[in-house]
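Asker: Build me a model from this:
(chains A and B)
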Protein chains: 2
Amino acid sequence: MDFNLIVLAPVGSIIALGFAAYLAFSVMKHSEGTDEMKKIAASVRQGANAYLKRQYTGVALFFVAMVIILGIMAFLGYLTPFVPFAFLTGGFFSGLSGFLGMKMATNSNARTANAAKDSLNKGLRVAFSSGAVMGLVVVGLGLLDLSIWYFFLDWFYTGLPDAERIQKITSAMLTFGMGASSMALFARVGGGIFTKAADVGADLVGKVEAGIPEDDPRNPAVIADNVGDNVGDVAGMGADLYESYVGSIVSTSALAVAAGLGTRGVTIPLIMAAIGVLASIIGTFFVRSGEKAEQKVLLAALRRGVYISSAIIAVVSFFLVRNVLGSEHMGVYWAVISGLLAGILIGFFTEYFTSDTYKPTQNLAGTSLTGPATVIIGGISLGMASTAIPVIIISVAVLASYYLAGGAADFGMGLYGIGIAAVGMLSTLGITLATDAYGPVADNAGGIAEMSHQKPEVRKRTDALDSLGNTTAATGKGFAIGSAALTALALIAAFVGEVELIDPSFKFNLSIMNPSVLIGLFIGAMLPFLFAALTMNAVGRAAQKIVVEVRRQFKEIKGLMEGTAQADYATCVDICTRSAQKEMIAPAFVAIVAPIVVGLVLGVNGVAGMLAGAAVAGFVLAIMMANSGGAWDNAKKYIEAGNHGGKGSDSHKAAVVGDTVGDPFKDTSGPSINILIKLLSMVSIVFAAFILSNSIIK
Amino acid sequence: MDFNLIVLAPVGSIIALGFAAYLAFSVMKHSEGTDEMKKIAASVRQGANAYLKRQYTGVALFFVAMVIILGIMAFLGYLTPFVPFAFLTGGFFSGLSGFLGMKMATNSNARTANAAKDSLNKGLRVAFSSGAVMGLVVVGLGLLDLSIWYFFLDWFYTGLPDAERIQKITSAMLTFGMGASSMALFARVGGGIFTKAADVGADLVGKVEAGIPEDDPRNPAVIADNVGDNVGDVAGMGADLYESYVGSIVSTSALAVAAGLGTRGVTIPLIMAAIGVLASIIGTFFVRSGEKAEQKVLLAALRRGVYISSAIIAVVSFFLVRNVLGSEHMGVYWAVISGLLAGILIGFFTEYFTSDTYKPTQNLAGTSLTGPATVIIGGISLGMASTAIPVIIISVAVLASYYLAGGAADFGMGLYGIGIAAVGMLSTLGITLATDAYGPVADNAGGIAEMSHQKPEVRKRTDALDSLGNTTAATGKGFAIGSAALTALALIAAFVGEVELIDPSFKFNLSIMNPSVLIGLFIGAMLPFLFAALTMNAVGRAAQKIVVEVRRQFKEIKGLMEGTAQADYATCVDICTRSAQKEMIAPAFVAIVAPIVVGLVLGVNGVAGMLAGAAVAGFVLAIMMANSGGAWDNAKKYIEAGNHGGKGSDSHKAAVVGDTVGDPFKDTSGPSINILIKLLSMVSIVFAAFILSNSIIK
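Answerer: Okay, the predicted model is just below:
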């Protein structure tokens, strides 16, 4: 039965990519509008392409170096010979996801602005289609790469006994995740630094010093700001979720071995993913509404798409689990449901804490009346307090998926249950990512409308889309963090499983009373803080350079402020690009070197402790940073809507300080922590044999 | 041999209290200065007494309720009958330490200001003596209470076999720590809310809105601000460190049972503490310098005191360990040294990150040139980055003390080594606390000099003392956090030991792959964030009330701004008192209820996970908050010293925002986290039997 169903994986992948192509062509049929709009869109596109070209060149060097290192390790017998290739393809497809998503986004921004001239709904349709291309490309390429490797390895190891073949397959596929994670790290961190350096720099001089509005074409950093939305929030986010998606699938497949589920257990995550792809495509058809829809109705339309996809998955996986695993394993189905529900609930509570339609953000806006200091204190405590509910949701999901899958009687089944919960949560990725990735397109569309001097109602519509995008972005971030936490747990279990495969006689001591584990926990808990510090500092330094450059242009280019001379946008884009390339090295170094150093001193027990410490502290810190940032952003918007004195008042100025602090919180450091905790696990898995042989403490 | 040496504990306690009394009398011989100074000092004293009276009344209710609960638990057989009494004495002595320290501090502030009229050194001597009274009272009362219980229980259980007697003694003494922790929590949280509500409120209206200088007598919140220094930084800090001190000693004594060291192992921590007391007293004699000393020389004098005490302890404990435990256990001695060194190193690096004589804080001051947002981003990333080194120091200390004490061959000995490292670190508490507690006295002295219109040079001297106090306060905070981390680890081990005593057949599964432990880690990592949010919000709300009141007085009291009418100080003190009482309930509730709820659901394995999660994430978060806050404070001072535009410039205003955000970071939330992680452990230990019998998951 399962050997037939596994073909769903490549089929699903091809359908996803085909449908993405269809959507892309239909978007491209729309006009980009006036010549001015075309010109601006071309500048943004050009900047984004230049950035990605430079980034991929830099990252290619890293990949060459890593392939050499992995090749040597394979030569020394620490790794199977497939690992370097698996690593490469993982990185390649992750990068390709980001690249294609960004291509689409930079081709949709002017089209969205132009469509918004007709109606809000038309604008939404163009922007959402562009987001859907991104979502489907990510899941399509993920499934494609996984399918190719699965079929190749299954063919290559034909003849080996079943148990051994499965072990070899899952083991090789696991390491493929490290390539995806590495690429994701560079994309998220580099993109995050780029976008926030441009944003903060543009705001500090433009809005605060020169007093010109956001997206004003006189601001030399305005194009860089728009480029940033694409390289950070689109390409970075795509690579991030590609990596979560693939990571959750391969780690769960690997856990099937210890659970004793055999090939059936290995293929279930792949098939589930394929079902998710089809459900997501069906869901996209429900994202439509009347021509004169309000924002509330549009949000409901987006939600409807996600809920319908979830419902389809909930129904179909029931039959999938029953047919493939048999009715004695229906607990696995309930684990899927736990994951699905947890994802939806975390999304909902993220919205509650960060949207200005609810009390927390409205109260935060009120703190602006006593100045920036109280805004900062209020936002940080909001973020900190908002960590409690997601932690409880994830805790319940872990407990439920573990016990429902049969963990009380069979530890391996319990872990498999946790893994499958992550797969369940991420199965709707095609459509959740679509609702998320449309945000930056709408943001860009607003910028283009402003710069090309469209009628106020056009800007008002794009603003409405942008604001809707802020809500879905917050939900999306909660989803990304929640799935990262579950994936990280599955990866820790996969790491332990990998060590057991390498040396079945190794005696684990994973007790928290083992000092190696305890120290691992300490170091692990510290890493997300260090990582966040490095990325925030990077934004600060890069923004400083933008400030200097923008000030220089205001001073040296005569007629710029009067609008008679053109700003030199390219230099700002170039500064951001260079800074991002340089600044992403240190955080990446920390993520890759930490597990190896900790492993060489404390052994695999210490590494497991470090992974657990990073997962729990990183989860909490990432939520705090994302929610503080989101709430500050929306508190500012709430004031701009006319509350507490409105635009230009002292309370608005105080809220802008909060928003600026929130920028690197929510768009650089917070989301990068997701990748950190997964990359740490991936590196640990790949280097497990090396650590096992060479550590000081065993 | 050891049965003779244990008398050192009560002897050390009496010497400490006697010397404290001598110092107190010698301070009281100094004059409080002019009538105006006396009047101001009396107001501060009165406010502080009123606060403590109210706080102790509220806390007494809590203690009565807890004693009833513990009594019922004892009646049901979950606890030995001594527990309610041990709980009471722990709380009583902790509160008494804070009370006496504060009494001394409020009697020394005007005396310090008056002595500073003569010379900087004279001012230092008065302030330092006052701090030394606090330090010696804390260690003296701690040792007194421990000695009384030890001798009483040893007598009570005479006749029982050795092993059983020791178990009963240490078990009862452990629970005595819960009383101290509860009291400490109320003192730290309540005091922290009081002091920062007054400080932030006074600054927001006085400095920012009305443009009058700090400590200006026209500001109605100025007395509350000065009272706050005493109830927060003196009484709160005293109760906090009392609790660490006692906690480290009793948990290490309890670990001696599993280490198989018998009575000798139980008494060593007590004797070591007694030696520390004597070494601290000797150290205080070295804190002196010429009459015309500069600030640098004074800092060196303070340091000399600490280093000499440390050296004495290092030498004497060598002979102590050799004579009591025998030369086969010299590893225990090296564990002591690891703890001592770790404490000194953490203090040094805390200073490096927060003092404006080093790069990090100087660079932070530079970020003020681009406004408050960059100051906040810079300060938070400084705090986050500064967590790496203390984590590594604690990691090395844990590893070293575990293995040096013989953990490789004997797990129990290893844990005992970690405990004894905490005792070693805290053995210098008498003098380190003295160098720390003198800070608020100097701060108050500055306020009194300002309000009583002393000559500028007097204020300049008290400012120098205050600034020196900021450095020692930062060092002291690092020390408090570091010792809390080690104590927390010893307490987790003691918790596990306690469960083993209650039910020797219980099968632990403390592996991080056990979902109960994993969820425990998640919840534990979240608790410090939630706790910090609650305490910061409390400060925000209370400060808001002060803002409203100060604005009201400025408006309604005619002639206040002109200096012809007197402000109504008492109302501000009263508002702070009421707010602190009300606001400390929620955080305390979280700390006490969390272990019980987690325990009832997840069992003792889950509780152990929660304790570990809270210890690691809490340690990192506490350091981050303390160091961000300290660096912001000193960056502002650095600008006020004339850098980046100096006082009144835009960069100064930006730095003031950082300083205000830092206030609750470093003086309310950060230090409260120390107590949270210890109180969680204490509650878990006391309720271990209850949890063991009634949990859903075993």
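Asker: When you work out contacts or count neighbours from here on, use the C-alpha atoms and nothing else.
Answerer: Noted.
Asker: ok, A:Asn114 - contacts?
Answerer: Neighbouring residues of A:Asn114 by CA atoms under 8 Å, 6 or more residues apart in numbering or on different chains: A:Ser31, A:Glu32, A:Gly33, A:Gly123.
Asker: What is the burial count for the last one?
Answerer: A:Gly123 has 24 neighbours, counted by other CA atoms under 10 Å in any protein chain shown.
Asker: For it, what is the enclosing helix or strand?
Answerer: Under the criterion of DSSP states H and E, A:Gly123 resides in helix A:120-156.
Asker: Could I get the average pLDDT for that helix?
Answerer: If you average the pLDDT over helix A:120-156, you get 91.
Asker: Show me how far that helix is from its chain's centre.
Answerer: Relative to its parent chain, helix A:120-156 has a centroid offset of 14 Å by CA atoms, centre = their mean, to the nearest Å.
Asker: CA-only coordinates of stretch A:57-72 in CSV, if you can.
Answerer: The C-alpha coordinates for stretch A:57-72 follow below in CSV (Å, rounded to 0.1, in the frame of the first residue of the first chain):
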residue,chain,number,x,y,z
THR,A,57,28.6,34.1,-4.5
GLY,A,58,29.7,34.5,-0.9
VAL,A,59,27.6,31.5,0.3
ALA,A,60,29.0,29.4,-2.6
LEU,A,61,32.5,29.9,-1.2
PHE,A,62,31.2,28.7,2.2
PHE,A,63,29.5,25.7,0.5
VAL,A,64,32.7,24.8,-1.3
ALA,A,65,34.7,24.9,1.9
MET,A,66,32.1,22.8,3.7
VAL,A,67,32.0,20.3,0.9
ILE,A,68,35.7,19.9,1.2
ILE,A,69,35.5,19.5,5.0
LEU,A,70,32.6,17.0,4.7
GLY,A,71,34.5,15.2,1.9
ILE,A,72,37.5,14.8,4.2
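Asker: List the buried residues in it.
Answerer: The neighbour-count check on stretch A:57-72 (16 or more other CA atoms under 10 Å in any protein chain shown) flags A:Val59, A:Ala60, A:Phe63, A:Met66, A:Val67, A:Leu70, A:Gly71 as buried.
Asker: As TSV, these with secondary structure and distance to chain B would be great.
Answerer: As requested, the buried residues of stretch A:57-72 are exported to TSV (DSSP: H, G, I helix; E, B strand; the rest coil; distance: CA to the nearest CA, whole Å):
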residue	secondary structure	distance to chain B
A:Val59	helix	25
A:Ala60	helix	29
A:Phe63	helix	28
A:Met66	helix	26
A:Val67	helix	30
A:Leu70	helix	28
A:Gly71	helix	31
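Asker: Pick out the most distant pair among the residues you listed.
Answerer: Farthest pair in the buried residues of stretch A:57-72 (CA to CA) is A:Val59 and A:Gly71. Separation: 17.8 Å.
Asker: Now name the helix or strand holding the closest residue to A:Ala86 other than its chain neighbours.
Answerer: Take A:Ala86 and drop its neighbours on the chain: the residue closest to it by CA to CA, 6 or more residues apart in numbering or on different chains is A:Phe176, 4.4 Å away. Here A:Phe176 sits within helix A:162-202, counting by DSSP H and E.
Asker: Next up, the contacts around the residue in the stretch 151-300 of chain A that chain B sits nearest to.
Answerer: Residue of the stretch 151-300 of chain A nearest chain B, by CA to the nearest CA: A:Leu204 (7.5 Å). Neighbouring residues of A:Leu204 by CA under 8 Å, 6+ apart: A:Val547, B:Thr370.
Asker: mind checking pLDDT for it?
Answerer: pLDDT, A:Leu204: 79.
Asker: So what does it have for phi and psi?
Answerer: The phi and psi values for A:Leu204, taken as degrees, to the nearest 10, are phi -60, psi -40.
Asker: re earlier: touching, the residue nearest to A:Ala86 and A:Phe82? I think so.
Answerer: No. Counting by CA atoms under 8 Å, A:Phe82 is not a contact partner of A:Phe176; they are 9.1 Å apart.
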